[in-house]
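Trainee: heads up, no residue letters with this:
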């Protein structure tokens, strides 16, 4: 059974640019959540999608957005990148959120 | 007050000992509790989940939950050097309709080192 797949694994972007990250959940999982992990703030929740609907959102500025497609694949977009956006971005999927989430390997974003 | 707090680390135990990791949470509505293990440079891996008061055992791991005290712990018996990692406590909260809206709130993590 394939796990959660995130692409790309690594990205280097310049301040002011925008970036799109992709996540393919485990087959059958309809809930997809996104997290930002930094050494200082730890793991912080960005948003969650279920059946193409955003059901929950964390405390991040509007530059962070996402969407989910009918096949449950999800994308996350960050516009007008700032140096502080450098982080590991993790996607996690679940059949039922209460049963726990499986994380992908993450996308390491570096903003220069 | 942080929503989820873990005992400060790092924690160092000898091989074969019991490692005890603790976590408190502030939201009394929290219904699902998880322990994740994260090796350096890797993503978090789910190792235990617990939903009701009491103990839950899985191999060398035992999770304990006390909702009245808003406390959850993880015991690792017969600790091995391969257990050396950061352990993350995470909780979810379901709404009135019983649906979890996908938000895991994590503690800051406890670094565990098991030395031979």
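Mentor: That came through fine. Computed from a prediction, not measured in an experiment: that's the story for all the values here. Residues are numbered from 1 along each chain as shown, chains lettered A, B, ... in the order given.

Trainee: from here on, just use CA atoms for contacts and neighbour counts.
Mentor: OK.

Trainee: give me the below-cutoff pLDDT ranges for chain B.
Mentor: Applying pLDDT under 70 to chain B picks out residues B:1-2, B:93-101.

Trainee: so which bits of it are right by chain A?
Mentor: With Cα under 8 Å from any Cα of the partner chain as the criterion, chain B meets chain A at residues B:32, B:34, B:42-46, B:49, B:92, B:100-108.

Trainee: filter the residues you listed down to the buried ones, ChimeraX style.
Mentor: The ChimeraX selection below is limited to those of those classed as buried (16 or more other Cα atoms under 10 Å in any protein chain shown):
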select /B:32,34,43,44,45,46,49,92,100,101,102,103,104,105,106,107,108
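
Trainee: inside strands: which ones of the residues of chain B next to chain A?
Mentor: Counted as lying in strands by DSSP state E, out of these, are B:32, B:34, B:45-46, B:49, B:92, B:105-106.

Trainee: now stretch B:17-27, how far from the centre of its chain.
Mentor: 6 Å (Cα atoms, centre = their mean, to the nearest Å).

Trainee: name the helices or strands packed onto the helix or strand containing residue A:89?
Mentor: In this structure, residue A:89 is located in strand A:87-94 according to DSSP states H and E. Packing partners of strand A:87-94 (3 or more Cα pairs under 8 Å, 6 or more residues apart in numbering or on different chains; DSSP states H and E): strand A:31-38, strand A:102-103, strand A:107-111.

Trainee: dump the ones you listed to JSON lines, plus mean neighbour count.
Mentor: Listed next are these as JSON lines, based on neighbours: other Cα atoms under 10 Å in any protein chain shown:
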{"stretch": "strand A:31-38", "mean neighbour count": "25"}
{"stretch": "strand A:102-103", "mean neighbour count": "24"}
{"stretch": "strand A:107-111", "mean neighbour count": "19"}
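
Trainee: mind putting those into JSON lines with distance to chain B and mean pLDDT?
Mentor: Converted to JSON lines, those look like this (distance: least, Cα to the nearest Cα, whole Å; pLDDT from 0 to 100):
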{"stretch": "strand A:31-38", "distance to chain B": "6", "mean pLDDT": "96"}
{"stretch": "strand A:102-103", "distance to chain B": "6", "mean pLDDT": "96"}
{"stretch": "strand A:107-111", "distance to chain B": "10", "mean pLDDT": "98"}
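
Trainee: for those, which one sits closest to residue B:75?
Mentor: Each of the helices and strands packed on strand A:87-94 was scored for nearness to residue B:75 using Cα to Cα, and the closest is strand A:102-103 (21.6 Å).

Trainee: elements contacting that closest one?
Mentor: Against strand A:102-103 (3+ Cα pairs under 8 Å, 6+ apart) you get strand A:87-94, strand B:45-50.

Trainee: that one: partners in the sheet, and parallel or antiparallel?
Mentor: Strand A:102-103 has its sheet partners listed here by DSSP bridges as strand A:87-94 (antiparallel).

Trainee: now do the strand it pairs with against strand A:31-38, angle only.
Mentor: 160 degrees (axes from the mean of the first three to the mean of the last three Cα atoms, to 10 degrees).

Trainee: any idea how far strand A:87-94 is from the middle of the chain?
Mentor: Worked out by Cα atoms, centre = their mean, strand A:87-94 lies 5 Å from the chain centre.

Trainee: also stretch B:18-32?
Mentor: Stretch B:18-32 sits 7 Å away from the centroid of its parent chain (Cα atoms, centre = their mean).

Trainee: what's the first-to-last distance across it?
Mentor: Stretch B:18-32 stretches 24 Å from its first residue to its last (Cα to Cα, to the nearest Å).
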